[in-house]
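Visitor: here is a sequence together with a model predicted from it:
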Amino acid sequence: MRFSWPRLRTATVIFALAAAMFVVAGVVITPSPAQQAEPPSRGAPVVSEIASGADLAGSIRALQTRLDRLPGDSTAWASLGAAYVQQARITGDPSFYPRAEGAFDRSLEERPDRNDGALTGFASLAAARHDFAAAQRFAEEAKAINPYSATNQGVLTDALIELGRYDEAFTELQRMVDLKPGVPSFSRVSYAWELRGETEPARKALEQALEMAFNDSDAAFVSFYLGELEWNSGDLDAAAEHYANGLRRDPTYVPLLAGKAKIAAARGDVETAVAGYDAVVRRLPEPSYVIEYADLLAALGRDEAASSQYALVQATGKLFEEAGVEVDLEFVLFDADHGRASAALAAAQALYDRRQSIHTEDAFAWALHVNGRDRQALAHAEAAAQLGTDSALFAYHRGMIEKSLGMDAKAQKSLRRSLALNPHFSPLHAPRAEAALEELALSS
């Protein structure tokens, strides 16, 4: 199956930044959302995870038992490493990443030659740690051994996208679709359309993926992204319906619980939203969720509670860094939004030196803006729009940069677009967009 793009040179597709089904030695790890820059959206790729922690814990125990009996089983070591990566994602505990690294190392020790499973595992681990150059390198090595792995194609595509190497990524993703059409492939196809600002084909691709979902984990995953698609389009009712449908299939799926909480916040159901976010961060204290929760509390004037959550963001970030995770995009924006302008700019520059995706361009633009370097910021905000992505946050950032440069008409257009796309895109920034538009209207 091939996909053509009228405005792209390559007749291929982009990826959904959620990793593919990962199968190593009979251990099946089904898809789940990434953490992604606009968490838990598909803005930054990681390996997939089992939605049920009990299933994963059972797989880990089974693999450990097997390796006690057969310590030379290189495939089981690779499977155990993959399971540890997933456990880190499910629990929010990055200490599993070094364990995964040790398991992959042991797999290569036992089988140093033509061990594509371990190399794909290392690629997935590198992607989870946001070291996309290493992820690309490991995935290329695995592909040279086994060019028929759809899983490896997904990891390779994800890495290339995050490095800003779009044409190469489109080609690799098309190979993945050709090798194995299914939920992982069609979720990526959907995101490809969404990146191009094409909502209807994005929706249809996810509907196809939902038809292919063979278990509750897959159905919850797809339902979440159907909800995200509608959320990003500003349709609260449709988003809520998809989140609810997913929770009926898997009531424990954390991204769906976070989606439900943000719908409550957008509808003004404050206590439900606060309780929902509190439950989410207690179960999975990923920085993305904690930032969302803290910003909501701050917007509600609950400063003491917000400060507590902001402190948790910083503490969590340090834990991830100690486990070798590059905490980049979300922390650039977090610092920029919370009074740490110089730290945001230093981190954004380092990030941009490593990779130039559209999300990196946007984060760099915003970091430059809060440091008063708006002329440079505008160039990066324009680069963030290169794929035609309909992002309320991107449009807001660009509008505020244009306003600072005295480009009032363009600023009004960008800010109106931001609020038209999703008037609830951020409890922190949506009110600021409205206030900026009012100010511009008075001055015109």
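Guide: Arrived safely. Numbers count the residues shown, from 1 in each chain.
Visitor: please count neighbours and contacts with C-alpha atoms only from this point.
Guide: Noted.
Visitor: am I right that residue 214 falls within a strand?
Guide: No. Under DSSP: H, G, I helix; E, B strand; the rest coil, residue 214 sits outside any strand and is assigned coil.
Visitor: please begin residue numbering at 35 from this point
Guide: Let's use 35 as the start, then, which means that last one is residue 248.
Visitor: any idea how far it is from residue 242?
Guide: 12 Å (CA to CA, to the nearest Å).
Visitor: out of the two, which sits in the busier spot?
Guide: residue 242 (16 against 11; other CA atoms under 10 Å).
Visitor: mind checking the SS state of that one?
Guide: Residue 242 ends up helix, using three-state DSSP.
Visitor: skipping its backbone neighbours, what lies nearest it in space?
Guide: residue 220 (7.2 Å; CA to CA, 6 or more residues apart in numbering).
Visitor: pretty sure that neighbour contacts residue 237?
Guide: No. Residue 220 is not in contact with residue 237 according to CA atoms under 8 Å; the separation is 10.4 Å.
Visitor: which of the two has more neighbours?
Guide: The neighbour comparison of residue 220 against residue 237 (other CA under 10 Å) goes to residue 220, with 25 against 22.
Visitor: which residues sit in contact with that one?
Guide: Contact analysis of residue 220 by CA atoms under 8 Å, 6 or more residues apart in numbering lists 211, 239-240, 242-243.
Visitor: in stretch 117-135, what counts as buried?
Guide: Along stretch 117-135, these residues count as buried under the neighbour rule (16 or more other CA atoms under 10 Å): 117-124, 126-135.
Visitor: check stretch 443-456 too.
Guide: 444-453, 455-456.
Visitor: export that stretch as CSV, just CAs?
Guide: C-alpha atoms of stretch 443-456 as CSV (Å, rounded to 0.1, in the frame of the first residue of the first chain):
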residue,chain,number,x,y,z
ALA,A,443,-1.7,42.3,11.4
LYS,A,444,0.3,39.1,11.2
ALA,A,445,0.2,38.7,15.0
GLN,A,446,-3.6,39.0,15.0
LYS,A,447,-3.9,36.4,12.2
SER,A,448,-1.6,33.9,14.1
LEU,A,449,-3.3,34.4,17.4
ARG,A,450,-6.8,34.1,16.0
ARG,A,451,-5.6,30.9,14.2
SER,A,452,-4.3,29.5,17.5
LEU,A,453,-7.6,30.0,19.3
ALA,A,454,-9.7,28.9,16.3
LEU,A,455,-7.7,25.6,16.2
ASN,A,456,-8.3,24.9,19.9
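Visitor: contact partners of that stretch?
Guide: When contacts are defined by CA under 8 Å, 6+ apart, stretch 443-456 is touched by residues 265-269, 424-430, 432-437, 459, 464, 467-468, 471, 474.
Visitor: try 10 Å
Guide: With CA atoms under 10 Å, 6 or more residues apart in numbering as the test, stretch 443-456 has contacts from 264-270, 424-439, 442, 457-459, 464-468, 470-475, 478.
Visitor: what about the longest helix in this protein?
Guide: When the chain is parsed with DSSP state H, its longest helix is helix 337-356.
Visitor: tell me what angle the helix or strand following that helix forms with helix 337-356.
Guide: Downstream of helix 337-356, the next assigned helix or strand under DSSP states H and E is helix 363-371. Helix 363-371 runs at 140 degrees relative to helix 337-356, counting by axes from the mean of the first three to the mean of the last three CA atoms, to 10 degrees.
Visitor: from the contact counts, what lies against helix 363-371?
Guide: Helices and strands touching helix 363-371, by 3 or more CA pairs under 10 Å, 6 or more residues apart in numbering; DSSP states H and E, are helix 321-333, helix 337-356, helix 375-388, helix 392-404.
Visitor: closest to residue 229 out of those helices?
Guide: Closest of these to residue 229 is helix 392-404, at 9.7 Å (criterion: CA to CA).
Visitor: remind me which residues of the protein are low pLDDT?
Guide: Applying pLDDT under 70 to the chain flags residues 35-88.
Visitor: hang on, residue 222 packs against residue 195?
Guide: No. Between residue 222 and residue 195 there is no contact under CA atoms under 10 Å: 11.8 Å.
Visitor: settle it for me: which of these two has more neighbours?
Guide: Shown here are residue 222 and residue 195; by other CA under 10 Å, residue 222 has more neighbours (31 against 27).
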